[in-house]
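In: Predicted model, plus sequence, below.
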Amino acid sequence: MATKHPIYWISLALFVALWISPVSAAINTIAQGGTVFVGEQNLDVSAVMDGDTKIGWWASGAAINGSAPSYSIFVSNPTGFYVQPSDFTSRLGVWYRLTPSNDSNGTAFSVVDPQLSIRIEDTTVNVDVTNKWVPTEDQLRFRIDTNLVPIGQRAGVTSVPITIKVQGPDGAVYSSLLNTAGTATSIVDIPVSTTPYYTASIWNTSQRDAYAPGTYTIWAECNANSMKDNYSPSGKAISEKVTLLNQDNNPLIRGNYPTQATTAATPKPVVTTAQPTTVKTTATAVPTTAAPVTTVTTPVPTTEVPTQVPVSTVPPATPTKSPGFEGTLAGIAVLGTMLVFWKKN
């Protein structure tokens, strides 16, 4: 077989490069009046500018004709334009090309704040299981809601690449998922062309070798034109994170079993009662009360009683007399005197 000339291979390589280049570069090429998103970088807006070097934005309600823009930006590199968050996050909507005198010279593009969210659906029972529990053997799919679809409507582009991130209980992040048949499906740069967008039933958690029981964290992100790298608030180019509990039994049903509640609660009161039993009360009260009783009784008769006896002995005669005894003696003496006097006379 004849060897092909080196020029053949060079020509083939150039053809492939020229054929692929417009397609791969088109996602960053913006047409006049097109939509760009906060955080996109290296955009080609040369067709938009049409020779102008400035763009301007008018606040809501401002008169565009005859008034200066509320904010303006000099476009120094129209083939590498950056929708910088600090300039555009608070100035969404239509931007206009400006003449050297800062007058509007037609629409340039519209700036939109990206939005992205993800949910998980159990297609076996047709239930949304976002932030919930999923039983073994059920099949799962993802729902993506976003306003990034206009990226996929640029010339030469059919979809916007969005990656789903699934992080296992051990922290590992999956790049593909297994379905019931064991077929792997990539979840990197999924071509999203509609909103909401649904994947197929690409995940079955019964593959225990691949998906251990536990809580899985899921989110979506879009890094088209470095959007995620430049603008990462939750819900923008990166969705808010959601969870999925993968285990065999429904935790809500298991938690309602009365036997589990009784069994767990019964030993606790028993242990509590056993610790403060009457051991402390008996030991403290009995010995303490008995000791003072014996000590108090001993000194009372010895110290106090003998001291009072001599005091009451000094005036014993006076208090023992009967009242009126001396008057009686005097009366008898007087009577005797009168009798003697009467006999003499």
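Out: Cool, got the structure. Numbering: from 1, shown residues only.
In: quick one: low-confidence ranges for this structure?
Out: Residues of the chain that meet the criterion pLDDT under 70 lie in 1-25, 252-345.
In: mind listing the helices in it by residue range?
Out: Applying DSSP state H to the chain gives helices spanning 6-25, 46-49, 85-88, 227-230, 251-255, 258-265, 267-274, 279-297, 299, 305-313, 317-320, 325-344.
In: quick one: the strands in the stretch 51-200 of the chain?
Out: Remark: strands assigned in the stretch 51-200 of the chain by DSSP state E, counting those that start in this stretch are 54-57, 71-74, 93-98, 104-112, 116-122, 127-128, 132-134, 139-146, 160-167, 173-174, 176-178, 184-186, 190-192, 197-198.
In: Buried residues, stretch 105-116. List them.
Out: 105, 108-109, 111-114, 116 (16 or more other CB atoms under 10 Å). From N, CA and C alone the C-beta is placed, and that goes for glycine too.
In: With distance to A26 added, can I get those residues in TSV?
Out: Listed next are those as TSV, based on distance: CB to CB, whole Å:
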residue	distance to A26
N105	26
A108	19
F109	16
V111	20
V112	19
D113	23
P114	19
L116	22
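In: For N250, state which of those residues is nearest.
Out: Nearest to N250 among the buried residues of stretch 105-116, counting by CB to CB, is L116 at 30.3 Å.
In: hang on, the closest one packs against S232?
Out: No. Under the criterion of CB atoms under 8 Å, L116 is not in contact with S232, lying 11.3 Å apart.
In: any common contacting residues for the two?
Out: I238 (CB atoms under 8 Å, 6 or more residues apart in numbering).
In: follow-up on the earlier one: nearest to A237 among the strands of the stretch 51-200 of the chain would be which one?
Out: Nearest to A237, of all the strands of the stretch 51-200 of the chain, is strand 116-122, at 6.5 Å by CB to CB.
In: Run the angle between that closest one and strand 139-146 for me.
Out: Relative orientation of strand 116-122 and strand 139-146, computed by axes from the mean of the first three to the mean of the last three CA atoms, to 10 degrees: 160 degrees.
In: So what are the sheet partners of strand 116-122 and their directions?
Out: Strand 116-122 has the following strand partners under DSSP bridges: strand 127-128 (antiparallel), strand 139-146 (antiparallel).
In: any chance of the ones you listed in JSON lines, plus mean neighbour count?
Out: Shown next, in JSON lines, are the strands paired with strand 116-122 (neighbours: other CB atoms under 10 Å):
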{"stretch": "strand 127-128", "mean neighbour count": "12"}
{"stretch": "strand 139-146", "mean neighbour count": "20"}
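In: Now for the closest residue to E137 other than its chain neighbours, how many residues are close by?
Out: Nearest residue to E137, sequence neighbours excluded (CB to CB, 6 or more residues apart in numbering): S206, at 4.9 Å. The local packing of S206 (other CB atoms under 10 Å) involves 15 other residues.
In: What are the neighbouring residues in contact with S206?
Out: Contacts for S206 (CB under 8 Å, 6+ apart) come out as 136-137, 180.
In: of all these, which comes closest to G51?
Out: For these, the residue nearest G51 by CB to CB is T180; the value is 58.2 Å.
In: Contacts only, for that closest one.
Out: 137, 139, 201, 204, 206.
In: ok, now G171?
Out: G171 is in contact with no residue at all, counting by CB under 8 Å, 6+ apart.
In: And it, how close does it get to Y216?
Out: Taking CB to CB, to the nearest Å as the measure, G171 falls 11 Å from Y216.
In: what's the answer for T199, then?
Out: 16 Å.
In: Ok, A31 next?
Out: Per CB to CB, A31 is found 41 Å from Y216.
In: Compare these two and say which is more crowded by neighbours.
Out: Higher neighbour count among A31 and Y216: Y216, with 20 against 14, using other CB under 10 Å.
In: right, and the more buried one touches I164 too?
Out: No. When contacts are counted by CB under 8 Å, Y216 is not listed as touching I164 (11.6 Å).
In: Of all the strands paired with strand 116-122, which one is nearest Q84?
Out: With CB to CB as the measure, strand 139-146 is the member of the strands paired with strand 116-122 nearest Q84 (21.4 Å).
In: contact partners of the closest one?
Out: Strand 139-146 is contacted by residues 114-124, 129, 134, 160, 162, 164, 179-180, 187, 190, 192, 195-205, 218, 220, 222, 244 when judged by CB under 8 Å, 6+ apart.
In: can you rerun that using 7 Å?
Out: With contacts defined as CB atoms under 7 Å, 6 or more residues apart in numbering, strand 139-146 is touched by 115-124, 134, 162, 164, 179-180, 192, 195-204, 220.
In: how far away is S86 from F37?
Out: Where F37 is concerned, S86 sits at a distance of 15 Å (CB to CB).
In: how is this structure carved up into domains?
Out: The chain breaks down into these domains under automatic domain parsing: 20-112, 116-252.
In: returning to that earlier point: D50: which of the contacts of T180 is nearest?
Out: Minimum distance to D50 across the contacts of T180 is 48.3 Å, recorded for S201 (CB to CB).
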